[in-house]
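A.B. asks: Could you look at this predicted model? Sequence included:
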Amino acid sequence: MAKKVTYRLIILAILLIGMNFIYKKWFYEADLQKHSDIINLVRAIPDDADIIYLGESSNITYKELEDVDKRPISAFIGDFFPTLHTYDITKPASHAGIYKVLLNQLPETNKKKTIVVTLNLRSFNAQWIYSDLETVLQKSVVLLQPYPVLYNRFMLSFKGYDIKTEEERTQQFKRKWKKDVFHFPYAFPFKNVPEWESWVNSNGVKNKEGVFDQAAIELACHYIKAYGFQIDFDNNVRIKDFDDIVALAQKRNWNLVFNLLAENTEKAGELVGKDLLFLMQENTKKLVEYYTKKGVTVVNNLDIVANDQFIDQDWTTEHYAEKGRKTIARNVAKSLKKWYNNEYIDVNDAYKTTFFNDFERLNPWNQMHTLTDQQAYSGTHSSKTGNGEDFSVSFEYPINLIPDSLRKTVTIDAWMYQENSNHNAQFNVEVYGVDEKFINSYPIKSQLNKITAWQQFHLTIPLPKTIKNPNFIKLYLYNTSETTIYLDNFSVKFE
């Protein structure tokens, strides 16, 4: 009997191994793209990356009308290290539990990298841990778990992950609020979040005129629910997630930085007061101490962003306007100098006169959907035009940010590749003022005397003096023909 059982177990093991191989070879990739396309964020990171920034919506959110430079925090960090390759993995609403899964998917080649991980104070609170978004997030990484792929597919099919209804999630964080009792070093009248919130709801928040402000009351309650907690370092699931990231970084020989994001402490103090600020500062202090002891560089940005730089004024988020994103980026960049002091340059936030895009570092100019890997002068991507795609990647910039003395001319340098010469493609320059505009076109064919070969294009033109108050400039390749023309290494210089 024992021999029969052993024999059957061996046969079963062989069958499972074979089925796992078949599934992985022929079906796994299709399932990844259907259920876990988050993997593509990792696959977009090339092996030569020096700095990889992991973040959620705080990295990429900008102020639509007011922000001049709408790039993410990660791109601003890259500005301080122009000779290094800086990339980001950004997934809105994600947290350390998702980051650690994604980091495990990075190939083990070229181990010496610097990983910057967003450490969001709110992600330790009950509302985020038991968020109704958690089911979707957990489902997106089931197939990426470090188990045999067939087992992961089995778990996905039978919903073997943290799946709950919105009502169940709400019950979870409400129970957590009641259970967690505050421990202040001084007398505090409320035992937990529900008691504190109830008091604010009853007693209200008054405006400058002394009138109860219902909107302010609701916002004050949001702040209490978002920051009214004390981290339990032994049992908080986010601590475990960040600990796992630390262990992985040590195993892979990564430089590890935790970017502790800025919170609107100015608004928190105004609406709720010093007690809530105490909790925010206490949690921050303990996080910095805890992970510094583990050898992690922790950048503490808690109080460095002013209220007017927070985009959302009716909710608790880490969404910053341009100045706020740049302030955080500068702090992170300074922390990286310990590894990249020779590569570090100080960035002048006042104005720039030179711009460059090789279409490899995710530098978000307009028309980025035209990027292709079919041809490239350097790297792996270029901008493809022709056959219905009339406009290349375009440089667009508020020209009024550049001093008058440094915008007399603009010089464009780029590399182009034409499949044939049957076209009348041109390089367009557009300058806009308040009520006027200047548009001019410059044929490119005279400089391109070869086909199916990369050639350099150079153009220096005087900027129009007729526009008294220019505020915007656009530069791009315009190709309405059926001939394919590729554009790469696009450089712009104002003088």
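C.D. replies: Perfect, thanks for sending it.
A.B. asks: Can you verify residue 475 is assigned to a strand?
C.D. replies: Yes: the assignment for residue 475 by DSSP: H, G, I helix; E, B strand; the rest coil puts it in a strand.
A.B. asks: For the residue nearest to it when sequence neighbours are not counted, give its distance to residue 469.
C.D. replies: Closest residue to residue 475 apart from its sequence neighbours, by CB to CB, 6 or more residues apart in numbering: residue 395 at 4.4 Å. Backbone N, C-alpha and C define where each C-beta goes, glycine included. Counting by CB to CB, to the nearest Å, the gap between residue 395 and residue 469 amounts to 20 Å.
A.B. asks: Compare the two and say which is more crowded by neighbours.
C.D. replies: Counted by other CB atoms under 10 Å, residue 395 and residue 469 do not tie: residue 395 has more neighbours, with 20 against 9.
A.B. asks: I'd say that one and residue 474 touch.
C.D. replies: Yes: at 7.0 Å, residue 395 counts as touching residue 474 under the criterion of CB atoms under 8 Å.
A.B. asks: Identify the residues contacting the residue nearest to residue 475.
C.D. replies: 355, 357, 365, 473-476, 490, 492 (CB atoms under 8 Å, 6 or more residues apart in numbering).
A.B. asks: repeat for residue 134
C.D. replies: Neighbours of residue 134 in contact, by CB under 8 Å, 6+ apart: 162, 164, 169.
A.B. asks: My guess is residue 396 contacts residue 357. True?
C.D. replies: No: using CB under 8 Å, residue 396 is not in contact with residue 357; the gap is 11.7 Å.
A.B. asks: So which of those two has more stuff around it?
C.D. replies: residue 357 (21 against 14).
A.B. asks: What are the contacting residues of the host helix or strand of residue 289?
C.D. replies: Using DSSP states H and E, the element containing residue 289 is helix 274-293. For helix 274-293, the external contacting residues (CB under 8 Å, 6+ apart) are 119, 121, 124, 184, 188, 223-224, 227-231, 233, 239, 242, 246, 258, 260, 263, 265, 268-269, 298, 300, 302.
A.B. asks: Got a quick ChimeraX command for the buried subset of those residues?
C.D. replies: The command below creates a ChimeraX selection of those among these that count as buried (16 or more other CB atoms under 10 Å):
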select :119,121,124,223,224,227,228,229,230,231,239,242,246,258,260,263,265,268,269,298,300,302
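A.B. asks: Inside helices: which ones of the contacts of helix 274-293?
C.D. replies: Assignment to helices by DSSP state H places the following of those there: 223-224, 227, 239, 242, 246, 265, 268-269.
A.B. asks: about what we covered before: show me which of the contacts of residue 395 has the smallest pLDDT value.
C.D. replies: Among those, residue 365 carries the weakest pLDDT, at 81.
A.B. asks: ok, how many other residues are close to that residue?
C.D. replies: Count around residue 365 with other CB under 10 Å applied: 20.
A.B. asks: cool, and residue 201?
C.D. replies: 13.
A.B. asks: residue ranges with poor pLDDT in the stretch 351-495 of the chain?
C.D. replies: 351, 361-364, 467-468 (pLDDT under 70).
A.B. asks: again, 50 this time
C.D. replies: Within the stretch 351-495 of the chain, no stretch has pLDDT under 50.
A.B. asks: Then the chain?
C.D. replies: Those would be none, if you go by pLDDT under 50 across the chain.
A.B. asks: domain ranges for it?
C.D. replies: Domain assignment for the chain, taken from automatic domain parsing, gives 37-125+181-340, 354-494.
A.B. asks: In CSV, list those domains along with distance to residue 155.
C.D. replies: Formatted as CSV, the domains of the chain follow (distance: least, CB to CB, whole Å):
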stretch, distance to residue 155
domain 37-125+181-340, 14
domain 354-494, 33
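A.B. asks: and the residue nearest to residue 57 when sequence neighbours are not counted, helix, strand or coil?
C.D. replies: Leaving out its chain neighbours, the residue that sits closest to residue 57 by CB to CB, 6+ apart is residue 92, at 4.1 Å. Going by three-state DSSP, the secondary structure assigned to residue 92 is coil.
A.B. asks: Distance check, residue 92 against residue 38.
C.D. replies: 11 Å.
A.B. asks: ok, the two, which is more surrounded?
C.D. replies: Comparing residue 92 with residue 38 by other CB under 10 Å, the one with more neighbours is residue 38, at 20 against 12.
A.B. asks: May I have the phi/psi pair for that one?
C.D. replies: Backbone geometry at residue 38, expressed as degrees, to the nearest 10, gives phi -60, psi -20.
A.B. asks: Could you give the number of residues near the closest residue in space to it that isn't next to it in sequence?
C.D. replies: Distance criterion CB to CB, 6+ apart; nearest residue to residue 38, sequence neighbours excluded, is residue 140 at 5.0 Å. Residue 140 has 19 neighbours, counted by other CB under 10 Å.
A.B. asks: gap between residue 35 and residue 146?
C.D. replies: Where residue 146 is concerned, residue 35 sits at a distance of 17 Å (CB to CB).
A.B. asks: The two: which is more packed in?
C.D. replies: Taking other CB under 10 Å, residue 35 and residue 146 do not tie; residue 35 has more neighbours (18 against 8).
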